[in-house]
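Novice: Got a sequence here, can you model it:
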Amino acid sequence: MEQRKVLLAGGNLLQAHTWKGLLETSGIEVDLKGEALIGGVGGLPIEMQTVELWVMNTQLAAAQTLLDALEIEQPQWQCVQCHEMNEGSFELCWQCSAQKSETHN
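Specialist: Below is the predicted model:
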């Protein structure tokens, strides 16, 4: 079984479905995760309240190129070290310099 990787995390459900549809029409297989947890906003920790788009490792570069070409703004992410919010384009936390990390299996 081929490994999958998070393409995007954050944003809102409508935006995530739009990106998913766009990628799928380009032949990229996408899994949308976290959709069922949206109803728990307020009762769940902030790191669990995100919608994520997962793609096959072999399709990751093509998916990123497609989204970059559309100049899609990446959603903000929260640092797992200091909990500071960072712009989606940042690879390091501006507050503590920790690497952008996905807390997934």
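Novice: Give me the distance between the lowest-mean-pLDDT helix or strand in the chain and the centre of its chain.
Specialist: The helix or strand of the chain with the lowest confidence, counting by mean pLDDT, DSSP states H and E, is strand 4-9 at a mean of 78. Remark: strand 4-9 is offset 5 Å from the chain centroid, using Cα atoms, centre = their mean, to the nearest Å.
Novice: burial measure for residue 15, as a count.
Specialist: 16 (other Cβ atoms under 10 Å). Placement of C-beta: from N, CA and C, glycine included.
Novice: repeat for residue 6
Specialist: Close neighbours of residue 6, defined as other Cβ under 10 Å, add up to 15.
Novice: That one against residue 57, yeah?
Specialist: No - the pair residue 6 and residue 57 does not pass the contact test of Cβ atoms under 8 Å, sitting 10.9 Å apart.
Novice: re the thing from before, show me what secondary structure element comes after the least confident helix or strand of the chain.
Specialist: Next helix or strand after strand 4-9 toward the C-terminus (DSSP states H and E): helix 13-25.
Novice: Show me what that next one is packed up against.
Specialist: Under the contact criterion of 3 or more Cβ pairs under 8 Å, 6 or more residues apart in numbering; DSSP states H and E, helix 13-25 touches strand 4-9, strand 30-33, strand 52-56, helix 60-69.
Novice: For the ones you listed, could you give me a markdown table that also reports distance to residue 80?
Specialist: As requested, the helices and strands packed on helix 13-25 are exported to a markdown table (distance: least, Cβ to Cβ, whole Å):
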| stretch | distance to residue 80 |
| --- | --- |
| strand 4-9 | 12 |
| strand 30-33 | 18 |
| strand 52-56 | 15 |
| helix 60-69 | 21 |
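Novice: between those, which one is nearest to residue 75?
Specialist: Counting by Cβ to Cβ, residue 75 lies closest to strand 4-9 out of the helices and strands packed on helix 13-25; the figure is 6.7 Å.
Novice: circling back to that earlier point, going by neighbour count, which residues of the least confident helix or strand of the chain are buried?
Specialist: Within strand 4-9, the residues that qualify as buried are 4, 7, 8, 9, counting by 16 or more other Cβ atoms under 10 Å.
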